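Engineer: Kindly return the folded structure for what I paste below:
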Amino acid sequence: MSEANRTGVIRDINGPIVTVDLPGARSGEQVKIGDLGLFGEVISLRGQRAVVQTYEPTDGVRPGEPVVGLGWPLSVELGPGLLGGIFDGVQRPLSKIALESGDYIRRGIQVAALDRAKQWEFTPNKTLEPGARVGVGTVLGTVQETLTIEHRILAPPGIEGELQEIAPAGDYDIESTIARVRDHKGVSHRLGMYHRWPVRKPRPYLRRDDGVLPLITGQRVIDTFFPQIKGGKGAVPGPFGAGKTVVQQQIARWSNADIVIYVGCGERGNELVDVLETFPQLDDPYSGRKLMERTLLVANTSNMPVVAREASIYVGITMAEYYRDMGYDVVMLADSTSRWAEALREVSGRLGQMPVEEGYPAYLASRLAAVYERAGRVETFDSGSGSVTLIGAVSPPGGDFSEPVTSHTKDIIETFWALSKELADARHYPSIDWVTSFSGHVHTAAEWWHKEVDPDWSKRRAAALALLSRDAELSRIVNLVGPEALSDAQRWELEGASLVKEGVLQQSALDEIDTFCSPAKQYALLDLAITIYKRGEALIKLGVPVTELQRLPLLAKMRRIKSMYSSEQLDQFQAFRKEVDQAMEAIRIDYAKQGELARES
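Structural biologist: Residues are numbered from 1 along each chain as shown. A predicted model of the protein is given here:
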């Protein structure tokens with residue numbers, strides 16, 4: 001259909017919701033609205049009229065202005081040049097927008113996500129020759145996108161047939177023809193280095209696999225106590241000020257994923273500015289190069305249009321699926337899904353849809369599930385296995401975990417890192433509550449820990465959690481009647497739990513030594529805390545007063561040692577373990593001698 005036939009007119013404007021006359025409009029189609037050419041998406045059809053949600057403010061737009069249907073759904077460009085980029089909620093590159101319109105995004109501005117002029121050194125797939133069969137996801141060749149990541153040029157879904165020709169090695173822009181494929185109807189298709197994909201449609205894969213490897217984040221409370229696997233679904237719920245953003249930034253910086261995608265969805269501008277300024281300066285701990293070489297950011301602050309906020313999550317997950325299809329492990333962080341859900345609530349209210357729990361639309365749970373289900377580990381068509389790990393922050397009002405977004409998310413995800421306002425107020429960071437949090441991946445992670453770190457990992461973890469559970473019970477007794485009501489053994493249990501909390505669980509993101517903790521160091525700290533408790537427990541049974549054990553200098557050192565030695569100085573932790581054994585053995589021998597003297601007298 002020609003553009004003249006696809007032109008309509010605005011009839012009604014209600015904030016970001018615009019009703020238009022647009023013959024032949026299709027649900028999900030992108031449109032340009034008004035004289036300014038604002039971007040929008042058809043979300044409802046009523047005869048010849050279409051209801052459009054706009055990604056930009058509609059101030060000053062009037063009924064009677066033209067509308068143009070573009071003929072395709074909300075889509076993103078997928079090809080070399082994404083990594084290191086900073087995009088808005090509809091994949092417009094913010095750095096290029098700043099050059100054209102200054103500090104504020106001019107309405108109707110159109111900037112391509114990928115640079116059309118940049119030349120990329122293309123290396124064709126040596127196994128492909130004219131006459132070969134090309135299918136979904138076939139690797140046509142490679143481009144070194146950054147010094148860290150090799151970009152595999154994939155045949156886009158929907159293109160299958162016989163390879164007619166493939167470009168020789170050389171420098172090409174992304175619109176250059178690198179291959180031609182003839183389909184079963186005899187139609188020849190020209191393939192470039194990039195293609196478009198609708199963001200609301202999951203990308204295809206061969207089959208879904210179970211996750212087998214843990215996502216190592218370097219954060220002890222996550223990796224050791226509530227592990228996440230590559231391809232898993234996780235959530236970080238917590239009230240204002242509990243540290244959700246810092247937890248997600250730590251995961252983004254230190255996780256052992258190949259690609260990191262950070263989506264700032266409706267968060268405060270100062271927080272996103274901090275991310276945008278900090279990330280380009282960070283070094284990648286795995287390659288030694290800049291972290292942005294394997295990272296891309298989607299920034300959509302709370303003062304940006306609410307509809308673009310809703311779209312930003314889909315934009316991020318689609319780009320994550322694209323790199324997954326190349327065989328990479330991708331971690332996507334969404335901060336926060338509560339703001340995304342609020343965008344759904346505002347749009348549904350303007351559409352006059354019946355509200356349910358706390359004003360959210362009836363489809364909130366299904367929309368959340370549909371997004372989280374796009375995470376997972378899959379077998380790709382031509383690149384082996386890849387995964388998308390999706391971790392969403394949730395911001396329940398007042399820290400109420402029973403509110404709809406948190407409760408529905410809890411039913412969907414497999415790992416739940418619940419942040420506590422009480423722990424945050426006590427300056428215990430990360431403020432992940434070990435009582436409320438859970439992980440469905442412990443058994444899978446245990447296989448890796450037993451093989452790669454130590455076979456006693458599960459026992460040590462279980463002992464620590466038992467201590468923490470006992471600490472919660474005994475603390476209630478202390479609050480009621482005071483510590484004098486406890487026996488020496490119970491007071492030592494409190495001391496042991498304190499060692500776990502302060503010596504293992506607490507971890508400062510600002511500490512140069514302790515901001516990242518390797519799995520080996522994590523186990524060493526956990527083993528030290530449990531060993532001290534177990535040795536002390538045995539001494540108390542021999543009659544050693546708890547006050548004498550509490551005066552041991554090694555308890556203070558246990559609380560400090562995490563910041564004294566790095567993950568490369570494991571010999572220092574082994575030396576301290578010997579120091580603990582010697583100190584405890586000296587006390588045992590001393591009390592054994594005292595017992596012999598008492599019996600002789």
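Engineer: just the CA coordinates of the host helix or strand of Ser563, formatted as PDB?
Structural biologist: Assigned by DSSP states H and E, Ser563 falls within helix 553-564. Extracted in PDB, the C-alpha atoms of helix 553-564 (Å, rounded to 0.1, in the frame of the first residue of the first chain):
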ATOM      1  CA  PRO A 553      41.300 -11.400  69.000                       C
ATOM      2  CA  LEU A 554      40.600 -13.800  66.100                       C
ATOM      3  CA  LEU A 555      36.900 -12.800  66.300                       C
ATOM      4  CA  ALA A 556      37.700  -9.200  65.400                       C
ATOM      5  CA  LYS A 557      40.100 -10.400  62.700                       C
ATOM      6  CA  MET A 558      37.400 -12.700  61.200                       C
ATOM      7  CA  ARG A 559      35.200  -9.600  60.800                       C
ATOM      8  CA  ARG A 560      38.000  -7.600  59.100                       C
ATOM      9  CA  ILE A 561      39.800 -10.200  57.000                       C
ATOM     10  CA  LYS A 562      37.500  -9.900  54.000                       C
ATOM     11  CA  SER A 563      38.900  -6.400  53.400                       C
ATOM     12  CA  MET A 564      42.400  -7.200  54.300                       C
END
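Engineer: okay, the angle between the next helix or strand after it and helix 553-564?
Structural biologist: Using DSSP H and E, the helix or strand that directly follows helix 553-564 along the chain is helix 570-600. Helix 570-600 runs at 170 degrees relative to helix 553-564, counting by axes from the mean of the first three to the mean of the last three Cα atoms, to 10 degrees.
Engineer: Just name whatever secondary elements helix 570-600 is in contact with.
Structural biologist: Under the contact definition 3 or more Cβ pairs under 8 Å, 6 or more residues apart in numbering; DSSP states H and E, helix 570-600 sits against helix 519-541, helix 553-564. In short, each C-beta sits where N, CA and C put it, glycine included.
Engineer: Kindly recompute the last result at 10 Å.
Structural biologist: Taking 3 or more Cβ pairs under 10 Å, 6 or more residues apart in numbering; DSSP states H and E as contact, the helices and strands that helix 570-600 lies on are helix 519-541, helix 546-550, helix 553-564.
Engineer: and that helix, how far out from the chain's middle?
Structural biologist: Counting by Cα atoms, centre = their mean, to the nearest Å, helix 570-600 is centred 46 Å from the centre of its parent chain.
Engineer: List the buried residues for it?
Structural biologist: Phe573, Phe576, Val580, Ala583, Met584, Ile587, Tyr591 (16 or more other Cβ atoms under 10 Å).
Engineer: Name the nearest residue to the residue most central in space within the chain, ignoring sequence neighbours.
Structural biologist: Computing the C-alpha centroid of the chain and ranking residues by Cα atoms, centre = their mean puts Leu333 first, at 2.5 Å. Once flanking residues are discounted, Leu333 sits nearest to Gln248: 4.6 Å by Cβ to Cβ, 6 or more residues apart in numbering.
Engineer: can you confirm the one you found is in a strand?
Structural biologist: No. Read with DSSP: H, G, I helix; E, B strand; the rest coil, Gln248 is helix and lies in no strand.
Engineer: Hmm, Ser336 and it touching each other?
Structural biologist: Yes. Gln248 is in contact with Ser336 according to Cβ atoms under 10 Å; the separation is 9.0 Å.
Engineer: Looking at the two, which has the bigger crowd around it?
Structural biologist: Ser336 (27 against 23; other Cβ atoms under 10 Å).
Engineer: any idea how far the more buried one is from Ile432?
Structural biologist: 16 Å (Cβ to Cβ, to the nearest Å).
Engineer: for Ile153, same thing?
Structural biologist: 41 Å.
Engineer: swap in Gly218?
Structural biologist: For Gly218, the distance to Ile432 - Cβ to Cβ - is 14 Å.
Engineer: And for Phe416?
Structural biologist: In terms of Cβ to Cβ, Phe416 sits 10 Å off from Ile432.
Engineer: Give the residues shared as contacts by these two.
Structural biologist: Phe226, Val236 (Cβ atoms under 10 Å, 6 or more residues apart in numbering).
Engineer: which outside residues touch the lowest-mean-pLDDT helix or strand in the chain?
Structural biologist: The helix or strand of the chain with the poorest confidence is helix 269-278; it has a mean of 76 (mean pLDDT, DSSP states H and E). With Cβ under 10 Å, 6+ apart as the test, helix 269-278 has contacts from 86, 94, 244-246, 248-249, 252-253, 262, 264-268, 291, 297-304, 335.
Engineer: Number of residues surrounding Gly482?
Structural biologist: Neighbour number of Gly482 under other Cβ under 10 Å is 9.
Engineer: show me what contacts it?
Structural biologist: Contacts of Gly482 by Cβ under 10 Å, 6+ apart: none found.
Engineer: Tell me the pLDDT of it.
Structural biologist: According to the prediction, Gly482 has pLDDT 81.
Engineer: gap between it and Thr380?
Structural biologist: Taking Cβ to Cβ, one finds Gly482 at 62 Å from Thr380.
Engineer: For the stretch 151-300 of the chain, which segments count as helices?
Structural biologist: 220, 244-254, 269-278 (DSSP state H, counting those that start in this stretch).
Engineer: So the chain: which segments form each domain?
Structural biologist: For the chain, automatic domain parsing gives the domain ranges 1-73, 120-193, 207-439, 457-600.
Engineer: Quick one: closest of those domains to Ala98.
Structural biologist: Ala98 sits nearest to domain 207-439 of all the domains of the chain, at 11.3 Å, using Cβ to Cβ.
Engineer: Quick one: residues contacting the spatially closest residue to His428 that is not a sequence neighbour.
Structural biologist: In this structure, His428 finds its nearest non-sequential neighbour in Gln506, 5.8 Å apart by Cβ to Cβ, 6+ apart. Residues near Gln506 by Cβ under 10 Å, 6+ apart: 220-221, 423, 427-431, 500, 514, 559, 562-563.
Engineer: Asp21 - how many residues pack around it?
Structural biologist: 15.
Engineer: helix, strand or coil for the residue lying closest to it once chain neighbours are set aside?
Structural biologist: Once flanking residues are discounted, Asp21 sits nearest to Gly8: 4.7 Å by Cβ to Cβ, 6+ apart. Going by three-state DSSP, the secondary structure assigned to Gly8 is strand.
Engineer: Could you do Ala334 as well?
Structural biologist: Classification of Ala334 by three-state DSSP places it in strand.
Engineer: picking that back up, which of the contacts of helix 269-278 are buried?
Structural biologist: Counted by 16+ other Cβ under 10 Å, the contacts of helix 269-278 give 86, 94, 244-245, 248-249, 252-253, 262, 264-267, 291, 297-302, 304, 335 as buried.
Engineer: Flag the shaky bits of this structure, pLDDT-wise.
Structural biologist: 1-5, 597-601 (pLDDT under 70).
Engineer: again, only this time at 50
Structural biologist: 1-4 (pLDDT under 50).
Engineer: Give me the number of neighbouring residues for the closest residue to Thr337 other than its chain neighbours.
Structural biologist: Counting by Cβ to Cβ, 6+ apart, Gly392 is the residue found nearest to Thr337 once chain neighbours are left out, at 4.1 Å. When neighbours are defined as other Cβ under 10 Å, Gly392 has 30 of them.
Engineer: partner residues bridging Gly392?
Structural biologist: Ala235, Ala334 (DSSP bridges).
Engineer: Distance check, Thr127 against Arg133.
Structural biologist: 11 Å.
Engineer: And those two? Which one has more around it.
Structural biologist: Remark: of Thr127 and Arg133, Arg133 carries more neighbours, 11 against 8, as counted by other Cβ under 10 Å.
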